[in-house]
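1. here is a sequence together with a model predicted from it:
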Amino acid sequence: MLTANLARSRTTDKEIRPLFIDPTDGRYRETAGELIQLFESHLDEPKGDLEDAIDELTVADTDYKIVQGLAKLLKDECEFEVVASVNPHDIRQRLFEKANARYPIVRQPTLGEDTQKLEVYSTVADELGISLEECYRGMYADLEDNKRLVRIGTRTADQYATGGDSSTSTTALTGSSDEEYEHTDLTADWLLTRYNLALAQAVFYDAIEMWIRVWDHFGTVFSYVKLFGLMHRIYPIDANGERVASTDQAAGYEAVLDGPASLFSKSQKYGIRMANFLPALPLCDRWEMTAEILVDETTDETRAFTLDHTENLDSHYSAGNKFDSDVERTLAQKWERSNTEWELVREDDIFDLGAEVMIPDFAIEHPDGRRVILEIVGFWTPEYLESKLAKIRKVEADNFVLAVSERLDCASEEFGRTADRVLWFKTGIHVYDVVDLAETVAVSSEPPSGSE
């Protein structure tokens, strides 16, 4: 994503608006193409050389923030590594030990005049079994500027060297969630549309609250809400976006997401989570988003930020369904290694709670048809926990079970009729504890009471 200093937006008396660019504009397309070629030409070269080349291109372009922003997005798709025959720390230690009594070691000795320094380098190189050049280059190979660009997307320097087509490179975007996104060609089209999305994401670093309405791909969107650990409340809505009494009347769903500025202690990390969620919305055919953004902490002044499907923002996220929080992902991994007939599957039931709905995390299914619905309750603010508990108490399904973090300030009786179906955990959920609980409460796989 873009850093705050590269964000571009305009704030008026009523709203805040990202300064989107036109992806069809010839100037931007030319700049994007030059940047992509620049990165490809610097494969296996030091990061510092790449940065210098980007700066040179920026000087020649009047749109400084745009060029640097595009470059930042490309760097997010790159991998830089320390390339040295021997650990740079070991090289430095030997050089310093040998030279300590006589003179300081310089980074690049003058071969013609500084024969003493050359002797030290040559001696260390021989001891380590490397060339003199490898000794020079390896001494500071672990400095950030000296790290080598080894990968752009999924293309490596070796692949380019063997005559691969360097006009585009294919990337498996990985982001902060460590999920695999859609495979995309690194082209000018991709870079410019990704840039517009990144401009919108940057606005959410100071979000107080976000309201989203979606009329399709509900499971995908709400899976991303949970993936990024966003505090949320979900309501059924009609085709016009108005809330309705039950899921029977729902044409879509509205979710209210609390932002970082609404927390008891403002969290930059949480703001990044909300920004990371935004690309999930363009996976829908029809969606709307409104957010309240804090623009002045001293006066608590805010502005509105709105987006919808007519903005033509493209998502680089996958529309698949394997999205988990850290606790959920770990449970799923443990389940795959376990020896149990019970299967852990992504839940797609929607509990109708009247004015609100709740989408549980997992279902646990047995080959004989028995089924349990599992909700994981992690660490939240007191206000959100209170709201969560209120929803849980409304669930009437007898096969509904909870896995609850012991860090929460609550007791079993606060979960209402589900109190005797709570599994407490410290750092992780144990598979066989869940199975034991499932064996006692599972019911045949029919639509659970209060769900749709």
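-> Ah, there it is.
2. so which bits of stretch 129-138 are buried?
-> 130, 134-138 (16 or more other C-beta atoms under 10 Å). For glycine as for every other residue, the C-beta is placed from the backbone atoms N, C-alpha and C.
3. which residues are in contact with that stretch?
-> 84-86, 88, 91, 95, 108, 121-122, 124-125, 128, 146 (C-beta atoms under 8 Å, 6 or more residues apart in numbering).
4. on that earlier part again, columns pLDDT, secondary structure and distance to Ile66 on top of the buried residues of stretch 129-138, output as a markdown table?
-> A markdown table is the format used below for these (pLDDT from 0 to 100; DSSP: H, G, I helix; E, B strand; the rest coil; distance: C-beta to C-beta, whole Å):
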| residue | pLDDT | secondary structure | distance to Ile66 |
| --- | --- | --- | --- |
| Ile130 | 92 | coil | 43 |
| Glu134 | 91 | helix | 40 |
| Cys135 | 91 | helix | 42 |
| Tyr136 | 88 | helix | 38 |
| Arg137 | 88 | helix | 34 |
| Gly138 | 91 | helix | 37 |
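5. from these, which is closest to Leu2?
-> Ranked by distance to Leu2 (C-beta to C-beta), the buried residues of stretch 129-138 are led by Arg137 at 32.9 Å.
6. quick check: Ile429 vs Tyr121, distance?
-> 56 Å (C-beta to C-beta, to the nearest Å).
7. now do the domain split for this structure, please.
-> What automatic domain parsing lists as the domains of the chain is 88-140, 197-311, 326-444.
8. mind picking the two most distant members of the contacts of stretch 129-138?
-> Ser122 and Asn146 (21.5 Å).
9. and these two? Which one has more around it.
-> Asn146 (20 against 14; other C-beta atoms under 10 Å).
10. what residues are up against that one?
-> With C-beta under 8 Å, 6+ apart, Asn146 has these contacts: 46-48, 82, 137, 140.
11. number of residues surrounding Ala332?
-> 16.
12. helix or strand: which one has it?
-> Secondary structure from DSSP states H and E places Ala332 in helix 326-337.
13. could you dump the very next helix or strand once past that helix to PDB, C-alpha only?
-> Counting by DSSP H and E, the next helix or strand C-terminal to helix 326-337 is strand 343-346. Extracted in PDB, the C-alpha atoms of strand 343-346 (Å, rounded to 0.1, in the frame of the first residue of the first chain):
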ATOM      1  CA  GLU A 343     -14.500 -32.200   9.100                       C
ATOM      2  CA  LEU A 344     -14.000 -28.500   9.600                       C
ATOM      3  CA  VAL A 345     -15.700 -26.500   6.900                       C
ATOM      4  CA  ARG A 346     -16.400 -22.800   6.200                       C
END
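14. use 858 as the first number for this chain going forward.
-> Let's use 858 as the start, then, which means that last one is strand 1200-1203.
15. averaging pLDDT per element, find the lowest-scoring helix or strand in the protein.
-> In the chain, no helix or strand scores lower on mean pLDDT, DSSP states H and E than strand 1027-1029, which sits at a mean of 30.
16. hmm, back to that, mean confidence score for the helix holding Ala1189?
-> Looking at helix 1183-1194 alone, the average pLDDT works out to 86.
17. off-centre distance for that helix?
-> 19 Å (C-alpha atoms, centre = their mean, to the nearest Å).
18. which residues are contacting that helix?
-> By C-beta under 8 Å, 6+ apart, the residues outside helix 1183-1194 that reach it are 1083, 1181, 1201, 1218-1219, 1233, 1235, 1285-1288, 1291.
19. do the same with stretch 901-914
-> By C-beta under 8 Å, 6+ apart, the residues outside stretch 901-914 that reach it are 888, 891-892, 895-896, 899, 924-925, 928, 937, 940, 1001-1007, 1014, 1018.
20. now do the strands in the stretch 858-1007 of the chain.
-> 866-868, 873-875, 935-938, 1005-1009 (DSSP state E, counting those that start in this stretch).
21. a markdown table for those strands, including distance to Asp1255 and mean pLDDT?
-> Output for the strands of the stretch 858-1007 of the chain, formatted as a markdown table (distance: least, C-beta to C-beta, whole Å; pLDDT from 0 to 100):
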| stretch | distance to Asp1255 | mean pLDDT |
| --- | --- | --- |
| strand 866-868 | 50 | 94 |
| strand 873-875 | 48 | 95 |
| strand 935-938 | 50 | 94 |
| strand 1005-1009 | 52 | 91 |
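22. measure stretch 1052-1071 end to end?
-> Stretch 1052-1071 has an end-to-end distance of 23 Å (criterion: C-alpha to C-alpha, to the nearest Å).
23. same question for it, mean pLDDT?
-> Computed over stretch 1052-1071, the mean pLDDT rounds to 91.
24. now that stretch: how far from the chain's centre is it?
-> Distance, centroid of stretch 1052-1071 to centroid of chain: 14 Å (C-alpha atoms, centre = their mean).
25. residue ranges of the helices in the stretch 1008-1157 of the chain, please?
-> Here the stretch 1008-1157 of the chain has its helices, by DSSP state H, counting those that start in this stretch, at 1014-1018, 1045-1060, 1075-1084, 1125-1134.
26. adjacent strands (with direction) for the top strand by length along the chain?
-> Longest strand of the chain, by residue count under DSSP state E: strand 1144-1153. If you go by DSSP bridges, strand 1144-1153 pairs up with strand 1064-1071 (antiparallel), strand 1158-1165 (antiparallel).
27. residues contacting that strand, please?
-> Taking C-beta under 8 Å, 6+ apart as the rule, strand 1144-1153 contacts 868, 873, 1060-1061, 1063-1072, 1078, 1098, 1116, 1118, 1135, 1138, 1157-1166.
28. mind giving me the ChimeraX select for those residues, buried ones only?
-> Applying 16+ other C-beta under 10 Å to the contacts of strand 1144-1153, the buried members can be selected in ChimeraX as follows:
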select :873,1060,1061,1063,1064,1065,1066,1067,1068,1069,1070,1071,1072,1078,1116,1118,1135,1138,1159,1160,1162,1164,1166
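29. can you give me the buried ones in stretch 1097-1117?
-> In terms of neighbour count (16+ other C-beta under 10 Å), stretch 1097-1117 has its buried residues at 1104, 1107, 1109-1112, 1114-1117.
30. and it, how far from the chain's centre?
-> 25 Å.
31. coming back round to it: closest one to Glu1296 out of the buried residues of stretch 1097-1117, please.
-> Thr1104 (29.9 Å).
32. show me how far the longest strand of the chain is from its chain's centre.
-> That offset, for strand 1144-1153, works out to 20 Å (C-alpha atoms, centre = their mean).
33. so for that strand, what gets flagged as buried?
-> Residues of strand 1144-1153 classed as buried by neighbour count (16+ other C-beta under 10 Å): 1144-1146, 1148-1151.
34. just stretch 1277-1285 next, same as before
-> For stretch 1277-1285, by 16+ other C-beta under 10 Å, it's 1278-1280, 1282.
35. which among these gets closest to Leu863?
-> Phe1282 (40.5 Å).
36. distance of the closest one relative to Glu1232?
-> Distance from Phe1282 to Glu1232, by C-beta to C-beta: 13 Å.
37. mutual contacts of the two, please.
-> Ala1260.
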